[in-house]
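Asks: Just to be clear, the model below is a prediction. Sequence and coordinates:
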Amino acid sequence: MTEKEKCAQGLLYDANYDEDLKQERLNCKDLCSEYNQMKSSALEERTILIRKIIKKTKNSFYIEPSFWCDYGYNIELGENFYSNHNLVILDCAKVAFGDNVFIGPNCSFYTAGHPIDVEQRNKGLEYARPIRVGDNVWFGGNVVVLPGVTIGDNCVIGAGSVVTKDIPSNTIAVGNPCKVLKEIS
């Protein structure tokens, strides 16, 4: 079984030393670098390039530079997606955003995690868990979403939050660790 197949099955895999995965990341990061250097006014060219990076998009989306991801092919953008500056998506596993998702500046979505066992970690092993974001979700600035988290529909995630566990639909959640503050009625 390849390291990429292990990753897809949620097993520990070697992301650091596997040549195929390293090359895929380098290719993607070259495209991200190119995207981040484009003129802001080159809207059509930027859209074409971001679709080379992110294979699953709906019609209406916009990502302010800078934008970085590991592979791109594990990201799905819903309709009317917007991200402010400095979005980072470590997409070793799938990261799916619903419709009408708005992301503040300096937000990060991490599907990669590392073993607590020092010997496994020192071998370069990691695991990946998917992230799912529902429809109509707003993220304040400087939010971090960790591996395996699902955020329901119609949520607001407060600025500076670190989302370590699932957030139910129709809630406002804030903090480190992020916790539900109240339901949205």
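Replies: Alright, I've got the coordinates. Residues are numbered from 1 along each chain as shown.

Asks: what residue lies at the spatial centre of this structure?
Replies: residue 89 (3.2 Å; C-alpha atoms, centre = their mean).

Asks: can you pull the contacts of it?
Replies: If you count contacts by C-beta atoms under 8 Å, 6 or more residues apart in numbering, residue 89 has them with 68, 69, 70, 75, 95, 108, 109. Heads up, the C-betas are built off the backbone N, CA and C, glycines and all.

Asks: Return the residues in contact with residue 173.
Replies: Residues in contact with residue 173 (C-beta under 8 Å, 6+ apart) are 155, 156, 157, 158, 161, 163, 167, 179, 180, 181.

Asks: ok, now residue 18?
Replies: 2, 3, 4.

Asks: Which members of those are positioned in strands?
Replies: Judged by DSSP state E, strands contain none of the contacts of residue 18.

Asks: Residue 142 contacts residue 87, doesn't it?
Replies: No: at 11.7 Å, residue 142 does not count as touching residue 87 under the criterion of C-beta atoms under 8 Å.

Asks: ok, the two, which is more surrounded?
Replies: Between residue 142 and residue 87, counted using other C-beta atoms under 10 Å, residue 87 has the larger neighbour count: 21 against 16.

Asks: For that one, what are phi and psi?
Replies: phi -80, psi 130 (degrees, to the nearest 10).

Asks: sorry, back to before: now do the residue nearest to the centre of the chain against residue 177, distance only.
Replies: To residue 177, residue 89 is 20 Å away according to C-beta to C-beta, to the nearest Å.

Asks: about what we covered before: quickly find the element holding the residue nearest to the centre of the chain.
Replies: strand 87-90 (DSSP states H and E).
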